[in-house]
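In: Pasting the sequence and the predicted coordinates here, then a few questions.
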Amino acid sequence: MQLQLNRNATIGIGVSLITGTSLILLSMIMGKENAFLLMNLDLGPAADFFFYIWANAGDGFIWIPAFALTLMYKKKFLPFLLATIVCSTIITQSSKQVFFKSENRPTAVISDNALIHKVSGIVLHTTNSFPSGHTATAFSLFLFCCFISAKKWIVPLGFIYALLGGYARIYVAQHFPLDVGAGIFTAYFSTLIAWIIHLNYFNKAE
């Protein structure tokens, strides 16, 4: 069995891993609290409104239109999509609920909450911080699209969508950059495992 990655998949994986690694290294060098405060900027009311909306770009509901579009235009990749959703969910939730259950979110870790930029209307959580599930979903969808399409616009447009989705979680004070970096790696492993499952599915079908 060969992984058979197209150009978009190779580039998508590359930019994702570079981004995830950079966030993790920044957190290790500065400390995750300082890295968060560096990136949790107040960019004004327009940015607050934008990231208030975009903070939900990685909600699980995004898989619904993805499923519908795949069913209509790329039906043969449905096993790949379903495997991606399942793998991402298992890795994210087992990490949050079992392996890193004690990891708290920024407002519960940083004692001086006045240092944290908060966005009005966002209900801030305090636990189950690691990894960022919204980031994992956004980057899993980005990588899924890279794997199944050779269209050149997929990579830049998808990466901007996923990157802003991940950064939004920092901007609205829901996650540390470390959580976002881990979410990106979750997406990478989820998509890769799902692709292997997908190839095995078709190999057996043949």
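Out: Thanks, I have the structure now.
In: May I see the buried residues of the lowest-mean-pLDDT helix or strand in the chain?
Out: The helix or strand of the chain with the poorest confidence is helix 177-205; it has a mean of 89 (mean pLDDT, DSSP states H and E). Going by neighbour count (16 or more other Cβ atoms under 10 Å), the buried part of helix 177-205 is 177-188, 190-195, 197-199, 201. Glycine gets a C-beta too; all of them are placed from N, C-alpha and C.
In: Likewise for stretch 86-105?
Out: So stretch 86-105, judged by 16+ other Cβ under 10 Å, has buried residues Cys87, Ser88, Thr89, Ile91, Thr92, Ser95, Lys96, Glu103, Arg105.
In: Just give me how far stretch 185-199 sits from the chain centre.
Out: Centroid separation between stretch 185-199 and its chain, computed with Cα atoms, centre = their mean, to the nearest Å, is 14 Å.
In: Which secondary structure state does the residue most central in space within the chain sit in?
Out: Nearest to the geometric centre of the chain sits Thr135, at 2.2 Å (Cα atoms, centre = their mean). Using DSSP: H, G, I helix; E, B strand; the rest coil, the structure places Thr135 in helix.
In: Where does the prediction get shaky in this protein?
Out: Flagging of the chain using pLDDT under 70 yields the residue ranges 1-3, 202-206.
In: just the helices in it please.
Out: Assigned by DSSP state H, the helices in the chain fall at 7-30, 32-39, 45-54, 63-73, 78-94, 106-109, 133-148, 154-171, 177-205.
In: ok, the closest residue to Ile11 other than its chain neighbours to Leu124 distance?
Out: Of all residues not flanking Ile11 in the chain, Val155 sits nearest, at 5.2 Å (Cβ to Cβ, 6 or more residues apart in numbering). According to Cβ to Cβ, to the nearest Å, Val155 and Leu124 sit 33 Å apart.
In: Equivalent analysis for Gln97, please.
Out: Gln97 is 19 Å from Leu124, by Cβ to Cβ.
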